[in-house]
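Enquirer: Got a sequence here, can you build the structure:
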Amino acid sequence: MSLTKIFNNLSLSSLTSFGRSLFNKICDPNLYTKENILSTVLHSLVVPSLIFILCTVVRRKLSKPGKRDAKYFKQTYGGWALVTGASSGIGSDFAKILASEGFNVVLTARTESSLKAVSEEIENEYGVETRIVLADLSKKDGAREIHDEVSDLDIGILINNAGAGWFGRVRDEDVEHIENLIQLNCTSMAVLTQLFVNSMRKRNRPSGIIITSSLGSYGPMPNTATYTAAKAFASRFGGATSFEESNDTPGNVHITVLEPGATATKFAVVATSGTLNNRPGMATSAHVANQALNYLAAGKIYCIPDDRDYYFSVVLSFIPYSFVLKSTYNRFKSFGAKKD
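Expert: The predicted model follows:
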């Protein structure tokens, strides 16, 4: 029977009777017993929440790449790997892991003594070549200097890892420090990426770039405002550029944005003036670097290496900014030196 016929067969009395019956049910006091209310809450809130949590866990398991084939990885990308911020922490571990898989490595940072120590360890342990390039990416011409210094090498992988942070109120931060931090975390990162994307497009073989951002890029965070804002730029810039290169001809350059949470590195100690001193449960820098390479090999755009941090990022997307602002203000207000 068509809907038109059903509608025509409905009489005013039947509609009135239906309305009266519905009204009586709504007004029935037995409907609002404690048991019925709890049941309604359970079905309308708890059950959908459990389904959402289950879907989030399943999505994480399905999207998380497995361990890359090191031999195939080297054959695919070939050439040299260049690592910025290679003197310690995540950068140092990136260099060591890539060297262990057969890549020759360019090591860049500001401190020559630290780079020499990493270089000697890599050459003695893995028998590959290294090249040290001293450069300060917090200065305007730092990115161009690095690119020019390796113009004779076939760079297959760029680890755009150099970065710095600071915990404290914006009013207490030196103006020069703000300028240097933005230059390092934003401008030099973007320029270095642009320069090597153009170089890599001419290789006619797969090439990869990893941009180190932070889980802090997911929301505004008082008492670390400049750093987290800079990392938000890195995440958006990296994701957009990755999509451009993946969808344009020749499409041989892939970019993965690394967004780690708290990681046990010297960076965490320096940025917080020793307050955040590699606490238990923090991810290791070696784990973070290895996971990022797995995501790059799998062609993923974003990498949150730790499961706990991934679930936290999902929760953050549902939390109002007002709550994030208040909670992070209280969380980080004791970090670093303050001036009242």
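Enquirer: Tell me which stretches of the protein form strands.
Expert: For the chain, the strands defined by DSSP state E occupy 80-84, 104-109, 130-134, 155-160, 207-212, 253-258, 263-264, 283-284, 302-303.
Enquirer: Buried deepest among those, which one?
Expert: Of all the strands of the chain, strand 80-84 carries the top mean neighbour count, a mean of 28, counting by mean count of other C-beta atoms under 10 Å. For glycine as for every other residue, the C-beta is placed from the backbone atoms N, C-alpha and C.
Enquirer: so how far is it off the chain centroid?
Expert: Put simply, strand 80-84 sits 20 Å off its chain's centre (C-alpha atoms, centre = their mean, to the nearest Å).
Enquirer: need the contact list for residue 123.
Expert: Listed by C-beta atoms under 8 Å, 6 or more residues apart in numbering, the contact set of residue 123 reads 129-130.
Enquirer: Try it again at 10 Å.
Expert: Applying C-beta atoms under 10 Å, 6 or more residues apart in numbering to residue 123 gives the contacts 99, 104-105, 129-130.
Enquirer: Please apply the same query to residue 136.
Expert: Residue 136 touches 108-110, 142, 145, 162, 180, 183-184, 188, counting by C-beta under 10 Å, 6+ apart.
Enquirer: and with 6 Å instead?
Expert: The neighbours of residue 136, taking C-beta atoms under 6 Å, 6 or more residues apart in numbering as the test, are 110, 142.
Enquirer: thinking again about what came up before, which of the contacts of residue 123 lies at the shortest distance from residue 203?
Expert: For these, the residue nearest residue 203 by C-beta to C-beta is residue 104; the value is 15.3 Å.
Enquirer: What number of residues are in the vicinity of residue 146?
Expert: Residues within reach of residue 146, counting by other C-beta atoms under 10 Å, total 24.
Enquirer: Model confidence at the closest residue to it other than its chain neighbours, what's the number?
Expert: Leaving out its chain neighbours, the residue that sits closest to residue 146 by C-beta to C-beta, 6 or more residues apart in numbering is residue 135, at 4.9 Å. Per-residue pLDDT puts residue 135 at 94.
Enquirer: cool, residue 171 as well?
Expert: pLDDT for residue 171: 88.
Enquirer: got it, and residue 315?
Expert: 84.
Enquirer: got the residue ranges for the helices in the stretch 101-250 of the chain?
Expert: For the stretch 101-250 of the chain, the helices defined by DSSP state H, counting those that start in this stretch occupy 112-126, 142-149, 175-182, 188-201, 225-247.
Enquirer: which strands and helices sit next to the second one?
Expert: With contacts defined as 3 or more C-beta pairs under 6 Å, 6 or more residues apart in numbering; DSSP states H and E, the packing partners of helix 142-149 are helix 188-201.
Enquirer: what's the offset of the helix it packs on from the middle of its chain?
Expert: Mean-position distance between helix 188-201 and its chain equals 19 Å (C-alpha atoms, centre = their mean).
Enquirer: Alpha carbons of it, as CSV, please.
Expert: Taking Å, rounded to 0.1, in the frame of the first residue of the first chain, the C-alpha atoms of helix 188-201 are listed here in CSV:
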residue,chain,number,x,y,z
SER,A,188,63.8,26.6,8.9
MET,A,189,61.8,23.5,9.1
ALA,A,190,59.6,24.7,6.2
VAL,A,191,62.5,26.0,4.1
LEU,A,192,64.5,22.8,4.6
THR,A,193,61.5,20.7,3.6
GLN,A,194,60.9,22.8,0.5
LEU,A,195,64.5,22.6,-0.6
PHE,A,196,64.7,18.9,-0.2
VAL,A,197,61.3,18.2,-1.7
ASN,A,198,62.5,19.8,-4.9
SER,A,199,65.8,17.9,-4.9
MET,A,200,64.1,14.6,-4.2
ARG,A,201,61.5,15.0,-7.0
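Enquirer: Next, give me the two most distant ones among the contacts of residue 123.
Expert: Farthest pair in the contacts of residue 123 (C-beta to C-beta) is 99 and 129. Separation: 9.3 Å.
Enquirer: Mind checking which of these two has more residues around it?
Expert: Using other C-beta under 10 Å as the criterion, residue 99 and residue 129 rank with residue 99 on top: 25 against 14.
Enquirer: if I look at that one, how far off is residue 294?
Expert: Here residue 99 is placed at a distance of 17 Å from residue 294 (C-beta to C-beta, to the nearest Å).
Enquirer: that older thread, mind putting the strands of the chain into TSV with distance to residue 118?
Expert: Compiled in TSV, the strands of the chain are given as follows (distance: least, C-beta to C-beta, whole Å):
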stretch	distance to residue 118
strand 80-84	9
strand 104-109	6
strand 130-134	8
strand 155-160	13
strand 207-212	17
strand 253-258	19
strand 263-264	18
strand 283-284	17
strand 302-303	23
